[in-house]
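A.B. asks: got a predicted structure here, sequence first:
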Amino acid sequence: MSTPHNSANPGEIAKTVLMPGDPLRAQFIADTYLENVTRFNAVRNMFGFTGTYKGKTVSVMGSGMGIPSIGIYSYELYHMYDVESIIRIGSAGGISDDVKIRDVVIGMGACTNSNFAAQYNLPGTFAPIADYSLLRRAVEAGEKLGISIHVGNVLSSDVFYNDDTTVNDSWKKMGVSCVEMESAGLYMTAARCHRKALGIFTISDHLYTGESLSAEERQTSFREMMEIALESVE
């Protein structure tokens, strides 16, 4: 059954979906790593592909930017297409002094300034966390590939250009490693749907050193992150 945002038919999407924010990164992954590829979605140019990686069926699809966007796509994948696991693979801005440009970070937890959790009417503050089985497989995959990984807390921010110039310092003092814009929403959606989610990130720029990568480098050069995610597929 297609949705307003996804034209896939039942059975065209794998049980595990890799989800970069950029649909062109999704196409790069399909072109570079997958065999027997078919495109299942191009609605709004949010490309989705299914293929095989080392004999395992896997899909990859863009999510767009921000929690509202990934909230739509992840909800539909979990509910309408019976997807079991979504692994977000995206860029992030470094906050901690321990992370450097091109480092790989896995979000064990995802802080947020979003009001996304308000819809659940919870009597407290929900803590969005990754699925442990996915997290463990990703760490093991990184070790086998010889890739150094940082595992910790990330920030999923609704604001890219923040009017409060002290906000990064506030998150840094709490040990947050980096900032991105989607994972807390993905983790909450997965929790509500009783499904699995994980966020893996490459540091594309650092908020304190001022270092950064180009848009083209972000689209095509984050191979370590991509390979960890692919090797984590069951």
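C.D. replies: Cool, the structure landed.

A.B. asks: so where's the protein shaky on pLDDT?
C.D. replies: Along the chain, segments meeting pLDDT under 70 span 1, 219-221.

A.B. asks: quick one, helices of it?
C.D. replies: 23-33, 67-80, 132-145, 167-172, 183-193, 215-220, 223-231 (DSSP state H).

A.B. asks: what packs against the second one?
C.D. replies: Okay, so that is helix 67-80. strand 16-19, strand 85-94, helix 183-193 (3 or more Cβ pairs under 8 Å, 6 or more residues apart in numbering; DSSP states H and E). To be clear about C-beta, it is placed using only N, CA and C from the backbone, and glycine gets the same treatment.

A.B. asks: out of those, nearest to R25?
C.D. replies: strand 85-94 (7.7 Å; Cβ to Cβ).

A.B. asks: residues in contact with the residue positioned nearest the centre of the chain?
C.D. replies: With distances taken as Cα atoms, centre = their mean, R88 lies nearest the centre of the chain, 1.9 Å away. Going by Cβ atoms under 8 Å, 6 or more residues apart in numbering, R88 touches M19, P20, G21, S63, I70, E182, S183, L186, A197, L198, G199, I200.

A.B. asks: ditto for N6
C.D. replies: Counting by Cβ under 8 Å, 6+ apart, the residues that N6 touches are F40, N41, V43, M46, G48, Y73, E76, L77, M80, Y81.

A.B. asks: PyMOL command to pick out the buried ones of those residues?
C.D. replies: Entered in PyMOL, the line below selects the buried ones among those, by 16 or more other Cβ atoms under 10 Å:
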select buried, resi 40+41+46+48+73+76+77+80+81
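
A.B. asks: picking up where we left off before, setting aside sequence neighbours, what's the nearest residue to the residue nearest to the centre of the chain?
C.D. replies: Spatial nearest neighbour of R88, excluding adjacent residues (Cβ to Cβ, 6 or more residues apart in numbering): G199 at 4.3 Å.

A.B. asks: the one you found contacts G109, doesn't it?
C.D. replies: No - applying Cβ atoms under 8 Å, one finds G199 not in contact with G109, separated by 9.8 Å.

A.B. asks: that older thread, okay, the helices of the chain, which one's buried deepest?
C.D. replies: Across those, the average number of neighbours (mean count of other Cβ atoms under 10 Å) peaks for helix 183-193, which reaches a mean of 24.

A.B. asks: measure the closest residue to T189 other than its chain neighbours to S177 for me?
C.D. replies: Leaving aside its sequence neighbours, T189 sits nearest to S74 (Cβ to Cβ, 6+ apart; 4.7 Å). Distance from S74 to S177, counting by Cβ to Cβ, to the nearest Å: 22 Å.

A.B. asks: got it, and E231?
C.D. replies: On the measure of Cβ to Cβ, E231 and S177 end up 22 Å apart.

A.B. asks: tell me the phi and psi of the residue sitting furthest away from the middle of the chain?
C.D. replies: Computed with Cα atoms, centre = their mean, the maximum C-alpha offset from the centroid of the chain is found at P123, amounting to 27.6 Å. Here is the backbone geometry of P123 (degrees, to the nearest 10): phi -90, psi 30.

A.B. asks: make 23 the starting number, not 1.
C.D. replies: From this message on, residue numbering opens at 23, which makes the last subject P145.
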